[in-house]
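Asker: Fold the stuff below for me.
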Amino acid sequence: MRKAIALMVGMLAVLPAWAQDWPAKPVRFIVPYPPGGGTDVIARIVQSRLTEALGQPIVIDNRGGAGGVLGTDAAAKAAPDGYTFLFTLSSHTINPLLYKLSFDIERDFTPVTLIVSVPQLIAAYPGAHIESLWDVVAMAKAHPESLHFASVGNGTPSHIAGELLKLKTGADLVHVPYKGGGPAVADTLGGQVPLVIVTMPAALSHVRAGKLRALAVTTSRRNPGAPEIPTVAETLKIPDYEVDSWYALFAPAKTPPEIVSRMQKEIARTIQLPEVKQKLLEQGGDVVGSTPEELDKVVKGELRRWAEVVREAKIRVD
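Answerer: Reported below is the predicted structural model:
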C-alpha cells in the first residue's frame, strides 16, 4: 500500500513538468462546421498567431454535419492529452435540447475559454426585393410557407434566431438547414433561398461587397464592427428579442488542468494583439477571453435559457 501511494504521489509530482513541455507536436482544433462558415473564419483568425505563441502548428480539422453534432462527437471521444480541442459556437448549448446525443456537453468536455461574442446577421438576396425586416414579416404573413430562410443547421443559433422571429411576429417562414455557414451563404448568394441567418463572419464581407443586403443583427445592441446595421428589436419594436452567439474552445474531459490553463492564457493574449483584435472586430466580434470557470457558467446558464425558448417555440428537428 505504501509503495502504491508513493507511486501515485510521484506521478502527480511529475505531471506539471510534463505539462510544461506541452505542446511537443501539432495541436488539432476540431471545427464542427465546413470551411467558409463563421466558426471556421474565427478559428483561422486566431490560428496563425496562436501557432506562434505555442511553438507548434494549430491544425484546423473541419467536420461539418448535423448542426455541429458530428464534429462535437469526435472531439468528445478524442484522447484528453492536450492535442485535440473543440472550437465551436453557442449551438453547443442548444443541440442537447434538440438531439439525442451520444455525449454529454457538461460531463464530456472541459471548458477552456469563451473567445469572442458575435451577433447573428439576417441578410437577403438582393434579387428577392426585400428591403427590410418589415418586408419579411409582411410577405411571410401574406403568403404563408412561401418565404424560406437558410440557417447553419438544425439546432444552431441561426436556426433559433429564425424560430424566435417566427414566434415573436407570427411570420410563417420556412426553415432550410444547411451543413454550415459557407453552404448557406453560397445558396443565398445564388438566389436559391431569399434569406439567410448566419453569424456575421460568414456573411459580412458579402454585405460590404453588395452581394447581400443586411436587414438586422439579432443582438440587443448594434454591433461595433457594423454599427450601420439595425437590430431586430429596434426594427420591429420587439424589445425582448435577442439571440447572442459566441465562439469558444473546449477540451475533452480529463485534459490536464495545466494544459487547459496554458491554452486559455495563450488565447487570451493572442486575441488582444492589435491585428488579431482588429480582424475579429471587422468580423463583428467582441473579444472576451474568459476563464474556464466563466465559460462554465455561460454553458449552464444557456442550457436553462434555450430550454425555455425551445419549449415555447415548439422547435423540433428531423
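
Asker: going forward, measure contacts between C-alpha atoms and count neighbours the same way
Answerer: Will do.

Asker: could you say what helices and strands the longest strand along the chain packs with?
Answerer: Assignment by DSSP state E gives strand 109-124 as the longest strand of the chain. Here strand 109-124 is seen to pack against helix 157-169, strand 195-199, helix 200-208, strand 213-217, strand 244-252, helix 257-270, strand 286-287, helix 292-313 when contacts are counted using 3 or more CA pairs under 8 Å, 6 or more residues apart in numbering; DSSP states H and E.

Asker: Go through the ones you listed and pick out the most buried.
Answerer: The highest mean neighbour count among those, using mean count of other CA atoms under 10 Å, belongs to strand 195-199: a mean of 31.

Asker: what's the angle from that strand to helix 200-208?
Answerer: Orientation note: strand 195-199 sits at an angle of 130 degrees relative to helix 200-208 (axes from the mean of the first three to the mean of the last three CA atoms, to 10 degrees).

Asker: Can you list the low-confidence ranges for the protein?
Answerer: 1-20, 318 (pLDDT under 70).

Asker: what are the bridge partners for the most centrally placed residue in it, then?
Answerer: Taking CA atoms, centre = their mean, the centroid of the chain lies closest to L89, which sits 1.8 Å from it. Assessed by DSSP bridges, L89 has beta-bridge partners Y247.

Asker: let's number from 13 now, not from 1
Answerer: Yep, numbering from 13; the last one is L101 now.

Asker: what's it in contact with, if anything?
Answerer: L101 makes contacts with T51, S257, W258, Y259, A260, as judged by CA atoms under 8 Å, 6 or more residues apart in numbering.

Asker: would you turn those residues into TSV with distance to L207?
Answerer: Supplementary listing: the contacts of L101 in TSV, determined by distance: CA to CA, whole Å:
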residue	distance to L207
T51	20
S257	19
W258	22
Y259	23
A260	27
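
Asker: and which of those residues is nearest G194?
Answerer: Minimum distance to G194 across these is 9.9 Å, recorded for T51 (CA to CA).

Asker: wait, that closest one sits on W258?
Answerer: No - using CA atoms under 8 Å, T51 is not in contact with W258; the gap is 9.4 Å.

Asker: Endpoint to endpoint, stretch 232-243 covers what distance?
Answerer: With CA to CA, to the nearest Å as the measure, the first residue of stretch 232-243 is 7 Å from its last.

Asker: Likewise for stretch 161-171?
Answerer: Separation of the first and last residues of stretch 161-171 by CA to CA is 9 Å.

Asker: And stretch 291-298, by the same measure?
Answerer: Criterion CA to CA; first-to-last residue distance in stretch 291-298 is 10 Å.

Asker: again with stretch 248-262
Answerer: With CA to CA, one end of stretch 248-262 sits 36 Å from the other.

Asker: sorry, back to before: out of the helices and strands packed on strand 121-136, which is closest to T200?
Answerer: Sorting those by CA to CA, the top spot, which is the nearest, belongs to strand 207-211 at 6.5 Å.

Asker: Return the distance of that closest one from the chain's centre.
Answerer: Taking CA atoms, centre = their mean, to the nearest Å, one finds the center of strand 207-211 at 13 Å from the center of the full chain.

Asker: Also stretch 166-176?
Answerer: 12 Å.

Asker: relative to helix 304-325, how tilted is the longest strand of the chain?
Answerer: In this structure, strand 121-136 runs at an angle of 50 degrees to helix 304-325, with the same axes, to 10 degrees as the basis.

Asker: Starting from strand 121-136, tell me which strands it pairs with and how they run.
Answerer: For strand 121-136, sheet partners with direction are given as strand 207-211 (antiparallel), strand 225-229 (antiparallel), strand 256-264 (antiparallel), strand 298-299 (antiparallel), following DSSP bridges.

Asker: Output that strand as PDB, restricted to C-alpha atoms.
Answerer: As requested, C-alpha coordinates have been extracted for strand 121-136 and formatted as PDB (Å, rounded to 0.1, in the frame of the first residue of the first chain):
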ATOM      1  CA  PHE A 121     -16.000  18.500 -22.000                       C
ATOM      2  CA  THR A 122     -13.700  20.800 -20.000                       C
ATOM      3  CA  PRO A 123     -14.300  24.500 -20.700                       C
ATOM      4  CA  VAL A 124     -11.200  26.400 -21.800                       C
ATOM      5  CA  THR A 125     -12.200  29.900 -22.800                       C
ATOM      6  CA  LEU A 126     -15.000  31.900 -24.400                       C
ATOM      7  CA  ILE A 127     -13.100  33.600 -27.200                       C
ATOM      8  CA  VAL A 128     -15.400  36.100 -28.900                       C
ATOM      9  CA  SER A 129     -19.100  37.100 -28.900                       C
ATOM     10  CA  VAL A 130     -20.800  37.900 -32.200                       C
ATOM     11  CA  PRO A 131     -24.400  38.500 -33.400                       C
ATOM     12  CA  GLN A 132     -26.300  36.600 -35.900                       C
ATOM     13  CA  LEU A 133     -26.900  38.500 -39.100                       C
ATOM     14  CA  ILE A 134     -30.200  38.400 -41.100                       C
ATOM     15  CA  ALA A 135     -29.500  39.100 -44.700                       C
ATOM     16  CA  ALA A 136     -31.400  38.900 -48.000                       C
END
